[in-house]
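> Generate coordinates for the sequence data below:
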Amino acid sequence: MLRRERDAHLRTRKKYEELGVHATAVLRQRDETREALEASTTRERTANARVDELTRRLDEERATSETRLEDVRRSSAEWREAQIAEVNALREAAETRMREANEAASRVEERVAARVANCEKRLSEAERDAAQRARDAIGRFGALASSTEVRATREANALKTRIETLEEELATVNRERSNATHAATMAKRDMDEAMGQFESFRAELASARDVIHARDEALATTRRELRAIESARDDARANLNRLEITNRDLEMKVSSLEEVLGDVGGHKRSVMILRARVTHLTAEIQSAKELAADAKARFINELGALKAQCAQDMQSALHRTEQHYKSRLHASSEGVVAELRREVVDLEGEIAKLKRTHARELEDALASERQAVASASESSIRSSTQRTIEAEKAKAVAELSAREARERLESSVKDREAMEAALVAANEHIAALKAERATYEEKFQRLKGELEESEANVRDLGALLSVRKTSLAGEEEEALSQNESNTMQSLQKQLEESKAEGLAAVKRAQDMAQLEIDALKRGLEMSAHRASSENQGRIAALEKDLAEALEGRNIAREEAEDLRAQLNRYEALTKLQDDAMSASKSQVKTLSQRLRSLESSMSGSPMPGSASPAASPSRSFFLTPGTFTPGSPVSRPAPTPITAIRSPRSPPASSNRSIDGISPIKRSSPLFKGLDGE
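Have a look, this model is predicted:
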């Protein structure tokens with residue numbers, strides 16, 4: 001009988017030792033879980049610091065965006081003032097040239113009118129002198145005839161001298177016309193240079209549009225990859241949630257196992273069930289770790305590919321920008337070359353800064369995603385939220401830059417069209433002036449022909465006087481004098497008609513020039529008003545974009561406040577769970593005391609070596625150094641206390657005795673269901 005009890009006691013003790021070994025393994029896993037939770041808490045603190053840093057960077061970016069917006073506004077205002085000044089200068093130059101042309105035309109008209117009046121005066125004087133000489137010659141045939149011939153010769157010489165003077169004045173008018181033509185050519189050359197500058201600006205804007213499209217494509221690709229990464233992160237989060245559920249089940253089973261440790265019966269089936277469940281949980285944990293490792297490797301590969309693609313896109317954009325500005329450097333002057341070099345240096349600095357910022361963001365995203373896959377803490381949510389905010393902010397900045405570039409392009413095209421219209425109007429006015437000058441030349445040639453005809457008439461008159469030397473018939477002289485008077489009247493009438501036509505043509509030219517000047521003024525005023533309205537619209541759009549950016553900043557700040565509130569709630573929950581862990585430690589200590597008293601009651605005397613705590617397997621199980629030592633720091637939330645899941649105990653039906661004032665432990669654990677038949 002004593003041998004059977006001793007054998008039963010040895011078997012029971014062996015079972016307890018095996019059960020203690022398995023419980024030690026389970027509690028070791030729980031300690032590892034606590035260490036992982038402590039590491040996640042550390043990572044959470046790091047994530048909080050990262051959130052603060054990103055908030056500070058967001059404020060800095062906002063300040064930088066505001067500064068850039070002010071610079072853009074200032075540059076747009078300066079560009080608008082420069083365009084207005086240039087248009088005013090062109091308008092003033094056109095008005096000056098118009099005034100000069102009008103003055104030249106008026107001077108030419110005055111000269112022509114003076115010459116015509118002088119010619120008329122001289123012709124009338126010549127006619128009167130010729131008539132007087134003819135009448136005098138009628139009475140005096142001999143000596144007077146010779147003196148009349150000499151006088152007629154002198155008059156003819158004087159007319160020749162006057163014609164030469166008129167030819168010199170005509171040459172002067174031609175020189176003035178050539179000078180005006182040269183000035184018009186120079187104005188056309190200036191407009192061609194302005195057109196070339198506009199074409200250069202158009203090429204620059206096209207290149208900027210290409211760069212913006214490339215960046216938009218890169219941003220779209222990055223956004224798609226980020227969506228894929230978020231889906232992978234959601235899968236990893238689901239796996240981690242499943243692991244947390246498994247961990248809670250494991251904690252419940254450990255609590256049940258602690259109840260089992262207080263039972264004195266030899267429940268081999270329960271031990272086998274616990275072994276199978278622990279093995280199953282270990283396999284599930286291992287599979288979850290493998291899934292997390294696969295997700296981590298896949299995420300690292302995707303981030304590496306994304307980083308390489310972004311670097312390649314940045315390199316291609318830098319190459320295109322360098323090629324474009326190199327071509328501009330070859331085609332521009334020294335001042336423009338220096339300015340473009342400075343712009344290229346600034347652009348390279350911005351691109352390098354953007355590359356560094358992008359690399360840092362990729363590294364930060366990689367580190368945060370690694371932490372998220374490893375610990376499944378809320379830092380992944382905050383980092384993904386911050387990355388989304390930064391991506392939206394970069395998208396808003398890119399859209400703002402693209403909108404500004406498009407507006408500048410449209411404004412440049414409209415200004416170029418306005419200048420082309422002004423150039424066409426100036427060319428038309430120059431053509432009208434050329435036509436007027438051609439009309440003046442035709443009139444001058446006609447007047448010259450009339451003067452030559454008058455000279456021929458004077459020569460004919462001299463011939464008639466020479467003929468009259470031998471003529472004595474008074475009727476013939478009267479007929480000749482009548483013909484001469486008729487001829488002079490017709491010449492005077494023609495001169496008056498030509499003068500009237502010249503005055504009418506000059507009046508029409510002045511009216512047309514005034515109408516063109518008024519139309520040009522109205523066009524310039526309308527273009528200036530349109531440019532001012534467009535600039536006001538652009539300024540309003542920029543202010544609207546700034547308001548949207550500020551609103552996004554406020555939303556991001558509210559989200560950061562929500563995340564901080566969640567962190568505070570999580571810390572409070574951690575504190576409550578630490579308190580629950582302390583209560584669990586006290587309960588475990590009570591269970592260990594019950595187990596020692598139960599062993600003492602079963603053996604009838606203290607077990608050999610039971611005086612030392614390290615000799616008892618249960619004592620070594622529950623008081624493993626560094627595991628459940630009271631007062632040890634615990635940063636990971638512990639499972640729910642054992643009292644929260646136990647059912648109320650009732651005194652057993654088979655035995656009502658207590659050992660050392662401690663009630664016996666009932667088989668109230670769910671693990672003992674279905675074991676009553678053993």
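
> helices and strands of the protein: which one bottoms out on pLDDT?
helix 617-622 (a mean of 40; mean pLDDT, DSSP states H and E).

> For burial, what's the neighbour tally of Glu290?
10 (other Cβ atoms under 10 Å). Every residue, glycine included, has its C-beta placed from N, CA and C.

> wait, I meant Arg248
Using other Cβ under 10 Å: Arg248 sits among 12 other residues.

> and it, how far is that from Arg30?
Plainly put, Arg248 is 11 Å away from Arg30 if you go by Cβ to Cβ, to the nearest Å.

> likewise Ala82?
Distance from Ala82 to Arg30, by Cβ to Cβ: 75 Å.

> what about those two, which has more around it?
Using other Cβ under 10 Å, the more surrounded residue of Ala82 and Arg30 is Arg30, with 18 against 10.

> Quick check, pLDDT for that one.
Arg30 carries a pLDDT value of 70.

> these two touch, right, it and Leu250?
Yes: if you go by Cβ atoms under 8 Å, Arg30 and Leu250 touch, sitting 7.3 Å apart.

> Near Glu38, how many other residues are there?
For Glu38, using other Cβ under 10 Å, the count is 14.

> Just the element for it, please.
helix 2-139 (DSSP states H and E).

> same question, Asn241
Going by DSSP H and E, Asn241 is part of helix 143-261.

> Just the mean pLDDT for stretch 364-377, thanks.
pLDDT averaged over stretch 364-377 gives 61.
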